[in-house]
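Undergrad: got a sequence here, can you build the structure:
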Amino acid sequence: MNGENRVALTGRLVETGALRSTPAGIAVLEFRLRHESERSEAGKMRKVRAEVEAIAFETEARLIAAAALDGRLRVEGFLCARSARSKKLILHVTEVVFGQGE
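TA: Below you'll find the predicted structure:
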């Protein structure tokens, strides 16, 4: 099965974990992004507010780890279950641009 799974989101960096390495030596960082916007739904405007858990690897992980909290950013990536045991979704970030968002 090969379906579409693409996410683009702007917001503010509200929390970062420690930059760490996987057993294979790959840099990894978990973080939270706060998003606020207005979207049209059922013919009416709706305020959207959410905090999204995300994870980044290698270059993106290092860039986000060095960023200031509350900084604006735009991320792109895909959704995946947190682990084989958890169905909770986490955003896997594959691209980050700073200074964009809200």
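Undergrad: what's the separation between the most centrally placed residue in the chain and residue 34?
TA: Residue closest to the mean C-alpha point of the chain, counted by CA atoms, centre = their mean, is residue 54 at 3.9 Å. Distance of residue 54 to residue 34, given as CB to CB, to the nearest Å: 11 Å. From N, CA and C alone the C-beta is placed, and that goes for glycine too.
Undergrad: I'd guess the residue nearest to the centre of the chain is in a strand, am I close?
TA: Yes. The assignment for residue 54 by DSSP: H, G, I helix; E, B strand; the rest coil puts it in a strand.
Undergrad: what segments of the chain are helices?
TA: Using DSSP state H, the helices found in the chain span residues 58-66.
Undergrad: can you show me the strands along it?
TA: Taking DSSP state E as the test, the strands found in the chain are 7-16, 20-21, 27-41, 44-57, 72-81, 89-98.
Undergrad: mind putting those strands into TSV with mean pLDDT?
TA: Output for the strands of the chain, formatted as TSV (pLDDT from 0 to 100):
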stretch	mean pLDDT
strand 7-16	96
strand 20-21	97
strand 27-41	97
strand 44-57	97
strand 72-81	96
strand 89-98	97
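Undergrad: which residues touch residue 98?
TA: Residue 98 makes contact with 63, 67, 71, 72, 73, according to CB atoms under 8 Å, 6 or more residues apart in numbering.
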